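[1] only the shape, not the letters, is given here:
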């Protein structure tokens, strides 16, 4: 990474073990996209007053040339991230997928489906710069009606 990694702890005490895990995961992101300009990670608990069932959210913001990618992992009502390491793992996995997609897009490996032509030229009048088109849907429709 060209810029240092920024780690923010929100509503939780700073943990060196968690920071080391984030650093290790952030360095692995460079395998998937080598032009990362910056990486910011915010780890926290949504509600400080909650005593039981501590849930963590992780937000990763990666700046790459021409774009900023964001991955959020927040607890939902059905399952929460009660283990900070699981929340970190899932957030970095989501960011990895985004970086892979972005790299493919830059290389032009995104699959696009070719659009069929709007029709075919039936008649062209060069002196008048106009002509007649026959649309494929009409041709198919006419064949179905006739047959």
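    Now that the structure is in, tell me what you want to look at. Being a predicted model, the structure only gives us computed values, none of them experimental. Numbering: from 1, shown residues only.
[2] counting contacts, what elements does the strand or helix carrying residue 96 pack onto?
    In this assignment (DSSP states H and E), residue 96 forms part of helix 84-107. In terms of contacts (3 or more Cβ pairs under 8 Å, 6 or more residues apart in numbering; DSSP states H and E), helix 84-107 is packed against helix 16-29, strand 38-44, strand 57-64, strand 67-73. No exception for glycine: its C-beta is placed from N, CA and C like everyone else's.
[3] quick one: buried residues of stretch 32-50?
    Within stretch 32-50, the residues scored as buried using 16 or more other Cβ atoms under 10 Å are 32-33, 36, 39-45.
[4] and the residue in the chain sticking out farthest from the centre, how far from residue 4?
    Using Cα atoms, centre = their mean, the residue of the chain lying farthest from its centre is residue 127. It sits 51.5 Å away. Separation of residue 127 from residue 4 (Cβ to Cβ, to the nearest Å) stands at 69 Å.
[5] grab the most central residue of the protein for me.
    Residue closest to the mean C-alpha point of the chain, counted by Cα atoms, centre = their mean, is residue 98 at 3.9 Å.
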